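1. Sequence and predicted structure, then a few things I'm wondering about:
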Amino acid sequence: MPQESAVVTEPVLLELVDEEGRTTGTEEKLAAHRAPGRLHRAFSVFLFDGAGRLLLQRRAPGKYHSPGVWSNTCCGHPYPGEPPFLAATRRTVEELGAAPALLREAGTVRYNHPDPASGLVEQEFNHLFAGRVGAPVDPDPEEVAETVFAGPAELGRMRAAGAFSAWFPTVLDAARPAIRELTGPAAGW
């Protein structure tokens, strides 16, 4: 009789960084998010359609962190040693089923945002990216519950009416100069 083999999954490691974004080591993903949180590298993507509307995603209800809330197009963590630009492109494809048609760096921001619902902490050195989406998205339901394109006024109404990720206002404000350059003044960002 054949023996059953145990499924062994490798822990997901995050790249720990100092205040200047220099790598200092690695930590298991969930451990890095437990209070008080360990400063680690992350990325946030903001993709826009041709009309200058931002592609938002509502995180899937099964996510371990911030489930069911609205957030920017895509966010996540590079693998240790993976360039943030490549990680941002990779995760956008994995989560939304479409690669960015254009993607450019939009700065960095460092923040510390506790999530009251889960008790986890986003202690991140976040690389920001802004770009365009050209193809229709086909979200992975394990990652994304739904998507919507929103202009600034619609986004304001959505934020007043519903829950957004704790980090969303911080990353959006930090990326605004690059977003305005990308979308032009008429878009109103």
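-> Everything's here; your move.

2. what's the longest helix in this structure?
-> Ordering each helix of the chain by length in residues (DSSP state H) puts helix 168-183 first.

3. What's the mean pLDDT across that helix?
-> Computed over helix 168-183, the mean pLDDT rounds to 97.

4. Other residues contacting that helix?
-> Contacts with helix 168-183, where a contact means Cβ atoms under 8 Å, 6 or more residues apart in numbering, come from 44, 46, 48, 52, 70-72, 75, 104-109, 111, 113, 126, 128, 130-132, 187, 189. C-beta: built from backbone N, CA, C; applies to glycine.

5. which residues touch the residue nearest the centre of the chain?
-> The centroid of the chain falls nearest to residue 75 when counting by Cα atoms, centre = their mean (1.2 Å). Taking Cβ under 8 Å, 6+ apart, we find residue 75 in contact with 42, 43, 44, 45, 91, 126, 165, 167, 171.

6. for the second one, helix, strand, or coil?
-> Yep, that's residue 43 we're talking about. Using DSSP: H, G, I helix; E, B strand; the rest coil, the structure places residue 43 in strand.

7. how close does it sit to residue 64?
-> Distance, residue 43 to residue 64, using Cβ to Cβ, to the nearest Å: 18 Å.

8. between the two, which one's more packed in?
-> Between residue 43 and residue 64, residue 43 has the larger neighbour count (other Cβ atoms under 10 Å), namely 27 against 10.
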